[in-house]
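J.: Below is the sequence, then the predicted model.
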Amino acid sequence: MSPVGEKIKKANGNHKRHVKPEHAAKSEHSGKPGPDAKDEPVAEPGCNVNDGHAVPPEESARTVPDDRLFGWVRVTAFFLVLIAVGSLATAVSLHIANSSSENGGAALQRQEVQTRAQAASWVAQQVNRDDVVSCDQPMCTALRADGFPAGKLLVLEQTSDPPVTSAVVVVTAAVRSMFGSSIDAAWAPDVLTTIGSGAAEITIRLIAPHGALAYQSALQAGVAGRKQYGTALLNNNQIVLSQAAQNQLAAGQVDPRLVLAIASLASDQPLDVARFENIGPGVSADLPLRFADLTVNDNAAHMSSWAYMSAMQTYLSSQSSQLGPVNGQQALSGGQHIFRVEFAAPSPLGSISTPVSP
């Protein structure tokens, strides 16, 4: 073989040693992994790898927009939940408020009914049944039920004039809404008693038929006459007066009818007067005192306590037509038996014509 042929043959042999078959090349690339190798997926051309699965290009392109859309959905759902919770809380609050309002309204109605019944009982017991009493419709109904004469009740309505033709007015919330503060300041300045409290409060007031100024003038003018009557009792040897009772008589604070009644009782039996007072909370301080508590002086009378009180009761009954309605009853005061002499409201503002014997 020529030298040229040998070179060609050697070149072909070297080429065969360095060029591997196709299957051998694939085996080196995708053969068994070594001990430190990880299983990595082999991506086909034009595909993305996601969690070991081939993801088509169009799905990969949608991944980012879908994530953003899911985020907005979560935010919207969160705010919808907040709105729902807020609406529920508002509904619960309104329900509780309405329930409280309804319960409060029912409680106020019960309180008004109770207070009205108490006021009707007080008027029926304490106010002269020959005098006219003004009241709203429910109050007048309660008064009739308690025995006050229907013919002596003046029903007040929204169109009514001030009740100047009556002697007493029962001021409820309804009456106050009709006349406002003028019922107190201008037409009924003095309080006989106050019953209840708050929105259900009722005041029973004396009417000033010629206005508050004329009423106050007449009341003050009557003080001089009441002082004169009081002096007559202070000088009566048949009557023993506590220091408080002496002070009240000297100041002209005692109802002249009461002074006359005690003077008449003392002409028949010796008396001990413990105190003079008015009945009812909230009564005005300038009103004459309508009742007296007499302690039992049975030793001086030389008779039993029962006979002593019975004699006074009989005597008072005989004087009722002359002095007006009067009530005498036995009672306990501070653990002591007393005999209470009490005249109905309203008291006369000035003197009365019946003479007082010293």
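T.: Thanks, I have it.
J.: ranges for the strands of this structure?
T.: Using DSSP state E, the strands assigned to the chain run over residues 48-50, 53-55, 133-135, 153-155, 168-171, 190-195, 202-206, 239-241, 271-277, 291-295, 326-333, 336-343.
J.: quick one: the last one to strand 291-295, angle?
T.: So that's strand 336-343. 150 degrees (axes from the mean of the first three to the mean of the last three Cα atoms, to 10 degrees).
J.: which other residues reach strand 336-343?
T.: 255, 257-258, 261-262, 265, 274, 279, 290-296, 305, 309, 312, 316, 323-332 (Cβ atoms under 8 Å, 6 or more residues apart in numbering). C-betas here are computed from N, CA, C, even on glycine.
J.: and that strand, which strands flank it?
T.: strand 291-295 (antiparallel), strand 326-333 (antiparallel) (DSSP bridges).
J.: Looking at those strands, which one is packed in the most?
T.: With neighbours defined as mean count of other Cβ atoms under 10 Å, these peak in mean count at strand 291-295, which reaches a mean of 21.
J.: Now do that strand: everything it contacts.
T.: Under Cβ under 8 Å, 6+ apart, the answer for strand 291-295 is 245, 254, 258, 262, 265, 271-279, 312, 331, 333, 336-343.
J.: Now which of these would you call buried?
T.: 245, 254, 258, 262, 265, 271-279, 312, 338-343 (16 or more other Cβ atoms under 10 Å).
J.: ok, what's across the strand from Thr193?
T.: Going by DSSP bridges, Thr193 is paired in beta bridges with Ile204.
J.: meant to ask about Val240, not that
T.: Asp272.
J.: number of nearby residues for it?
T.: Using other Cβ atoms under 10 Å, Val240 has 17 neighbouring residues.
J.: got the contact list for it?
T.: Shown in contact with Val240 (Cβ under 8 Å, 6+ apart): 270-273, 297.
J.: coming back round to it: now the strands of the chain in a markdown table, with distance to Ser121?
T.: Output for the strands of the chain, formatted as a markdown table (distance: least, Cβ to Cβ, whole Å):
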| stretch | distance to Ser121 |
| --- | --- |
| strand 48-50 | 92 |
| strand 53-55 | 94 |
| strand 133-135 | 13 |
| strand 153-155 | 15 |
| strand 168-171 | 12 |
| strand 190-195 | 9 |
| strand 202-206 | 11 |
| strand 239-241 | 32 |
| strand 271-277 | 19 |
| strand 291-295 | 17 |
| strand 326-333 | 15 |
| strand 336-343 | 15 |
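J.: how about these, which one is nearest Ile183?
T.: Proximity to Ile183 (Cβ to Cβ) singles out strand 168-171 among those, at 6.0 Å.
J.: Could you list the low-pLDDT ranges of this structure?
T.: Within the chain, the segments meeting pLDDT under 70 span 1-104, 297-302, 319-321, 351-358.
J.: Now do the domain split for it, please.
T.: The chain breaks down by automatic domain parsing into domains covering 62-209, 214-343.
J.: right, and Trp187 touches Phe179 too?
T.: Yes. At 7.5 Å, Trp187 counts as touching Phe179 under the criterion of Cβ atoms under 8 Å.
J.: Let me know whether Leu241 touches Ala266 as I believe.
T.: No. Contact criterion Cβ under 8 Å: Leu241 and Ala266 do not qualify, at 10.8 Å.
J.: closest one to Ser166 among the strands paired with strand 336-343?
T.: If we rank the strands paired with strand 336-343 by Cβ to Cβ, the stretch that ends up nearest is strand 326-333, at 22.2 Å.
J.: Next, the angle from the closest one to strand 271-277.
T.: Using the same axes, to 10 degrees: strand 326-333 against strand 271-277 is 90 degrees.
J.: Contacts for strand 326-333, please.
T.: Counting by Cβ under 8 Å, 6+ apart, 257, 261, 274, 293, 309, 312-313, 316-317, 319-320, 337-344 sit against strand 326-333.
J.: Please apply the same query to stretch 274-289.
T.: Stretch 274-289 has contacts (Cβ under 8 Å, 6+ apart) with 122, 126, 189-195, 203-204, 206, 219, 222, 226, 242, 244-245, 248-249, 253-256, 258, 290-295, 333, 338, 342, 347-348.
J.: Identify the residues contacting Met178.
T.: Counting by Cβ under 8 Å, 6+ apart, Met178 has contacts 136, 156-158, 160.
J.: For it, give its distance to Glu112.
T.: Separation of Met178 from Glu112 (Cβ to Cβ, to the nearest Å): 16 Å.
J.: cool, and Leu265?
T.: Distance, Leu265 to Glu112, using Cβ to Cβ: 42 Å.
J.: Show me where the chain has its helices.
T.: Secondary structure of the chain (DSSP state H): helices located at 3-18, 22-30, 57-126, 137-145, 173-179, 182, 212-234, 243-250, 256-266, 298-301, 305-323.
J.: Tell me which residues touch Val132, please.
T.: 152-154, 165-168.
J.: Just give me the neighbour total for Val155.
T.: Val155 has 13 neighbours, counted by other Cβ under 10 Å.
J.: hang on, isn't Gly324 packed against Val127?
T.: No. Using Cβ under 8 Å, Gly324 is not in contact with Val127, being 11.9 Å away.
J.: Can you pick out the residue with more neighbours from the two?
T.: Between Gly324 and Val127, counted using other Cβ under 10 Å, the more crowded position is Val127 (23 against 15).
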